[in-house]
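Undergrad: Test case, fold it:
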Amino acid sequence: VSGAQGGGLSAGQTYKTSYQKLNYTAIVTYRPNEDITTYAKIASGYVAGGVLGAIPYDPESLVSYEVGFKSQLFNNRLRANLAAFYSDYKDLQVQTFVNGVQNFENAGKAHIWGVEGEFTAIPVDGLTIDANFGYTNVKYKEFIQNGVNVADIVKVIYTPKWTARLGGQYDFVELSNGGKLFVALDSRYRSGTPLTAFGTGKPAVDALAYAKKYVLADARAGVASLPIGGTEIGLSAWVKNMFNTDRSTFGPQAVNQVIVPDRGRTYGIDLSVAF
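TA: A predicted model of the protein is given here:
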């Protein structure tokens with residue numbers, strides 16, 4: 001393996017590693033009635049270590065805690081689920097690019113906590129509304145690099161604090177010859193997040209290594225389950241990223257700062273035949 005990839009192996013030299021760990025999960029639930037379920041959960045997790053670029057890294061372990069409730073209300077016209085969680089990581093495995101070299105290493109300790117909610121409502125016949133939100137807070141307690149704890153300066157990458165979604169579909173009354181017209185809208189929000197763990201010291205470059213907050217909106221309309229000649233036809237027109245939002249969600253800092261933009265507005269027509 002070349003030095004530019006991080007490490008080196010002499011001719012005939014190999015790595016041989018072995019990892020194992022016993023994990024557990026425990027859940028307690030309480031149902032005050034048929035429509036509501038509350039729960040508390042504790043679980044452990046484990047990711048084996050390995051070797052990347054001739055550099056070995058250690059296993060990652062986790063203990064997570066979660067409480068929440070799930071409900072079906074108003075004669076099943078509303079589903080509401082809420083949860084709060086806390087995760088305690090040790091030897092967290094992270095991927096970084098430092099001085100042009102890709103590294104997969106153990107950061108040390110990290111705490112992650114947050115809340116999330118999911119909702120589905122049918123306020124009137126034919127209309128379904130879906131919504132969800134999430135808040136995630138990540139804090140490195142220890143991030144060892146070259147023997148130094150850099151937890152105070154390292155950035156948490158690809159982890160927006162806030163995410164949300166709001167969508168809905170309306171199914172019209174069935175046509176006289178069968179088939180249903182429908183229209184659907186969907187929107188998603190993500191707050192900003194860094195794309196690289198460490199700054200370059202050049203403000204203009206570091207400003208690019210950040211995914212700004214954005215909203216994406218999609219739409220679809222058409223007809224479903226239209227009977228024609230012993231088959232069922234589906235025909236719909238759609239547009240994704242209808243406002244042509246400019247966003248970049250991936251940007252590793254290798255030899256240069258690389259920014260990869262996501263796709264802009266796309267649109268098309270789908271035709272399906274079931275027989």
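
Undergrad: C-alpha from now on. contacts and neighbour counts both.
TA: Will do.

Undergrad: And the strands in the stretch 151-275 of the chain?
TA: 162-171, 180-190, 193-194, 210-211, 214-228, 231-240, 248-250, 260-261, 266-274 (DSSP state E, counting those that start in this stretch).

Undergrad: Same check on the stretch 1-150 of the chain?
TA: According to DSSP E, counting those that start in this stretch, the strands that the stretch 1-150 of the chain contains are 25-33, 36-47, 50-52, 55-57, 60-73, 78-90, 93-98, 101-106, 108-121, 127-145, 148-149.

Undergrad: Mind checking the ones you listed for the one nearest to residue 173?
TA: Nearest to residue 173 among the strands of the stretch 1-150 of the chain is strand 127-145; the distance by Cα to Cα comes to 11.1 Å.

Undergrad: Throw the strands of the stretch 1-150 of the chain into CSV and include mean pLDDT, mean neighbour count and distance to residue 159, thanks.
TA: Below are these laid out as CSV (pLDDT from 0 to 100; neighbours: other Cα atoms under 10 Å; distance: least, Cα to Cα, whole Å):
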stretch, mean pLDDT, mean neighbour count, distance to residue 159
strand 25-33, 97, 11, 26
strand 36-47, 97, 16, 20
strand 50-52, 79, 16, 23
strand 55-57, 79, 17, 22
strand 60-73, 96, 18, 18
strand 78-90, 97, 18, 15
strand 93-98, 74, 17, 13
strand 101-106, 75, 20, 18
strand 108-121, 95, 18, 11
strand 127-145, 93, 18, 8
strand 148-149, 86, 12, 21
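
Undergrad: can you tell which of these is closest to residue 225?
TA: strand 127-145 (17.8 Å).

Undergrad: That closest one - contacts with which helices or strands?
TA: Applying 3 or more Cα pairs under 8 Å, 6 or more residues apart in numbering; DSSP states H and E, we find strand 127-145 packed against strand 108-121, strand 162-171.

Undergrad: closest to residue 152 out of these?
TA: strand 108-121 (12.0 Å).

Undergrad: The closest one pairs with which strands?
TA: Counting by DSSP bridges, the strands paired with strand 108-121 are strand 78-90 (antiparallel), strand 127-145 (antiparallel).
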